[in-house]
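Visitor: generate a structure from the sequence data that follows.
(one chain, ligands or ions: 1)
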Amino acid sequence: MTSYLRSWLTGAPSTSTPTLDVPTFQRISPPASDDGDETETERDNDDSIPAFPALNSAQRAKPAILSDSALMPPPPVPSLASRTAGVPLRPSLNPNSLVVPTTTTQKPQKPSKKREKVALAPGHSALDWAALKSSGTDLRGVDTLTRIPPSLLKQHRSKTDAWTAINGKVYNITAYLPYHPGGERELMRVAGRDGTHLFASTHAWVNADFMLDSCLVGFLVPEPQSG
Ligand code: HEM
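Guide: Numbering: from 1, shown residues only. Sure, this is the predicted structure:
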């Protein structure tokens, strides 16, 4: 092995290992003429590689050298004369500058009151909710799914018995209250009524169908006409 490696480094042929059969490549020109004086067998045995690109290919043509007037003009030179050392150029003063403004005169926006972060009690993370809802615990409080008119929905608007309707489905949100990342107070705003609009305008990306699947109690229907 050592002598084999040494032979690689020194270029001397190795004595103990047989020489490797390294394939060599030859530059093969296309046949000089193709005017039919060779036999069919000769042609079948002809493994010569055709020239690529073909000898008459346009790729072999000499590229045309464009004159200065045919080339795209260079971008304008920024005017460096107006520059003061250490002071970045103001893009508004220098239309050629690509420098971004380093400051702004606009006041920072106050954080929106609408999406306040609420500290959830320990054991009330999204994962805890997922575990609870798939644990088999009864979160509905009803035996069968029913048709629920707004007047019935309205009767469930306390913290210990809260229902809401989202996209036509009525959920018992009582168990979810302490798990809601936006807080109990915000969630209670939709208790006893159709919360579709408020829900969608706060976080349309939240999948209520999935979050509350085991809290489904029925479907919102119009108030039955009396008389
Ligand atoms: C009834 C079904 C509802 C469910 C299942 C639900 C679920 C969720 C979820 C999963 C989040 C976290 C979203 C995120 O981090 O991107 C969230 C955040 C929030 N929710 Fe709800 N929500 C409901 C209703 C409401 C309602 C009616 C309001 C009232 C305005 C509300 C207000 C908020 C707010 C303010 C946050 C933001 C909390 C934060 O930024 O960390 N949610 N909600």
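Visitor: point out the residues in the chain that sit beside the ligand.
Guide: 115, 117, 164, 166, 173, 180-182, 186-187, 189-190, 195, 198-199, 202-203, 206, 208, 211-212 (Cβ under 6 Å from any ligand atom). All C-beta spots, glycine's among them, are computed from the backbone N, C-alpha and C.
Visitor: could you check which residue of the chain lies nearest the ligand?
Guide: Gly182 (2.3 Å; Cβ to the nearest ligand atom).
Visitor: remind me which residues of this protein are low pLDDT?
Guide: Scanning the chain for pLDDT under 70 picks out the ranges 1-43, 78, 80-82, 88-102, 111-116, 227.
Visitor: would you map the helices across it?
Guide: 2-10, 40-44, 126-133, 150-153, 184-188, 196-203, 208-211 (DSSP state H).
Visitor: before we move on, back to that, can I have the buried ones of the residues of the chain next to the ligand as a PyMOL selection?
Guide: Buried residues within those, by 16 or more other Cβ atoms under 10 Å, are selected in PyMOL with:
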select buried, resi 164+166+173+180+181+182+186+187+190+195+199+208+211+212
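Visitor: same question for stretch 65-75: list its buried residues.
Guide: Residues of stretch 65-75 classed as buried: none (neighbour count, 16+ other Cβ under 10 Å).
Visitor: what's the neighbour count on Tyr176?
Guide: 22 (other Cβ atoms under 10 Å).
Visitor: please verify my assumption that it contacts Asp213.
Guide: No - here Tyr176 lies out of contact with Asp213, judged by Cβ atoms under 8 Å, at a distance of 11.3 Å.
Visitor: now do the contacts for Leu139.
Guide: 132-133, 172, 174-176, 214-215 (Cβ atoms under 8 Å, 6 or more residues apart in numbering).
Visitor: now, which of the residues you listed lie within strands?
Guide: Asn172 (DSSP state E).
Visitor: ok, so of the contacts of Leu139, who is nearest Val221?
Guide: Of all the contacts of Leu139, Asn172 has the smallest distance to Val221: 17.0 Å, by Cβ to Cβ.
Visitor: neighbours around that closest one, how many?
Guide: Neighbour tally, Asn172, other Cβ under 10 Å: 22.
Visitor: in the sheet, which residues pair with it? Tell me.
Guide: Going by DSSP bridges, Asn172 is paired in beta bridges with Trp163.
Visitor: quick one: it from His180, how far?
Guide: 14 Å (Cβ to Cβ, to the nearest Å).
Visitor: same thing with Ile65?
Guide: Distance from Ile65 to His180, by Cβ to Cβ: 71 Å.
Visitor: enumerate every residue touching Phe199.
Guide: 166, 190, 206, 208.
Visitor: same thing but 10 Å
Guide: Contact analysis of Phe199 by Cβ atoms under 10 Å, 6 or more residues apart in numbering lists 164-167, 187, 189-190, 206, 208.
Visitor: I'd say His124 and His180 touch.
Guide: Yes - using Cβ atoms under 10 Å, His124 is in contact with His180, at 8.9 Å.
Visitor: quick revisit: mutual contacts of Tyr176 and Asp213, please.
Guide: 133, 139.
Visitor: from what I can see Leu153 touches Pro222, true?
Guide: No - taking Cβ under 10 Å as the definition, Leu153 is not a contact partner of Pro222, at 11.8 Å.
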